[in-house]
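A.B. asks: Just the structure for this:
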Amino acid sequence: MKAYKHADDRELLRRFWGGESSAFDELVRKHRVRLMEAVMRVIRDRDAAQDVYQDVLIRIHALLSAQNYREEGKFLPWATRIARNMAVDVLRKRRRGRVERAPLGIEDVVAGGELPDQHIVCNEIHRDLRKLLNFLPKNQREVIVLRVYNRMTFKEIAEFTDCSINTALGRMRYAVENLRKQVKRFPAVYF
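C.D. replies: A predicted model of the protein is given here:
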């Protein structure tokens with residue numbers, strides 16, 4: 001993007017916090033290869049790494065949106081550490097071969113007993129969930145991302161978003177209701 005041609009990470013972050021969402025896109029474009037490499041070093045499966053990479057971007061966006069980033073260090077090492085940690089978490093779950101409960105009560109069999117069609121269905125469900133999140137108000141989307149993808153407790157979410165636990169719980173309840181309404185309203189579009 002021409003507007004950001006000479007902008008460094010600090011400038012892009014400042015612009016993002018100032019309301020320019022395209023500045024985040026430029027940060028991602030600028031560092032996508034290194035972030036994907038960090039995930040690939042751990043996962044070593046391109047399709048699975050791509051899924052983790054998408055989750056990494058969601059987490060980084062949520063953390064930056066909440067301004068949970070200190071400029072003491074540089075953006076790339078911070079983002080790379082998040083990518084690596086998330087990849088390691090996924091790998092650990094696969095090695096345990098346990099069944100995880102995914103967003104909205106959808107079962108996802110990780111590694112071990114996973115059948116190819118289950119993997120495809122699971123990926124489609126996660127893709128559809130990411131699309132549906134765009135229809136939520138920012139505060140509801142943030143609670144979903146923090147709870148589902150960052151696995152934060154409601155107490156942690158309340159502290160992170162500077163609201164009460166009841167407010168965080170209410171936002172989650174409304175978010176789930178709104179997601180259900182969207183699925184009922186346009187079922188053929190998402191599923």
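
A.B. asks: quick one: what helix or strand has the most centrally placed residue in the chain in it?
C.D. replies: Taking Cα atoms, centre = their mean as the criterion, residue 58 is the residue nearest the geometric centre of the chain, at 2.7 Å. Assigned by DSSP states H and E, residue 58 belongs to helix 46-65.

A.B. asks: buried residues in that helix?
C.D. replies: Residues of helix 46-65 classed as buried: 48-49, 51-65 (neighbour count, 16 or more other Cβ atoms under 10 Å). In this view, the C-beta of every residue, glycine as well, is placed from N, C-alpha and C.

A.B. asks: could you give me the average pLDDT of that helix?
C.D. replies: Averaging pLDDT along helix 46-65 yields 88.

A.B. asks: One more: stretch 93-111?
C.D. replies: 48.

A.B. asks: distance of residue 25 from residue 61?
C.D. replies: Separation of residue 25 from residue 61 (Cβ to Cβ, to the nearest Å): 10 Å.

A.B. asks: Name all residues that make contact with residue 67.
C.D. replies: Residues counted as contacts of residue 67 (Cβ atoms under 8 Å, 6 or more residues apart in numbering) are residue 17.

A.B. asks: Can you tell me the closest non-neighbouring residue to residue 91?
C.D. replies: Distances taken as Cβ to Cβ, 6 or more residues apart in numbering put residue 42 closest to residue 91, at 5.7 Å, once the chain neighbours are dropped.

A.B. asks: so the one you found is in which element?
C.D. replies: helix 21-43.

A.B. asks: Between helix 46-65 and that helix, find me the angle.
C.D. replies: In terms of direction (axes from the mean of the first three to the mean of the last three Cα atoms, to 10 degrees), helix 21-43 departs from helix 46-65 by 140 degrees.

A.B. asks: now helix 21-43, how far from the chain's geometric center?
C.D. replies: Centre-to-centre, helix 21-43 and its host chain are 13 Å apart (Cα atoms, centre = their mean, to the nearest Å).

A.B. asks: Okay, buried residues for it please.
C.D. replies: 23-24, 26-28, 30-31, 35-36, 38-40, 42-43.

A.B. asks: would you turn those into a markdown table with pLDDT and distance to residue 130?
C.D. replies: Output for the buried residues of helix 21-43, formatted as a markdown table (pLDDT from 0 to 100; distance: Cβ to Cβ, whole Å):
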| residue | pLDDT | distance to residue 130 |
| --- | --- | --- |
| 23 | 90 | 20 |
| 24 | 90 | 15 |
| 26 | 91 | 20 |
| 27 | 90 | 19 |
| 28 | 90 | 14 |
| 30 | 91 | 22 |
| 31 | 92 | 20 |
| 35 | 91 | 17 |
| 36 | 91 | 17 |
| 38 | 89 | 21 |
| 39 | 90 | 17 |
| 40 | 89 | 21 |
| 42 | 85 | 22 |
| 43 | 86 | 19 |
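
A.B. asks: which one of the residues you listed sits closest to residue 179?
C.D. replies: residue 24 (23.1 Å; Cβ to Cβ).
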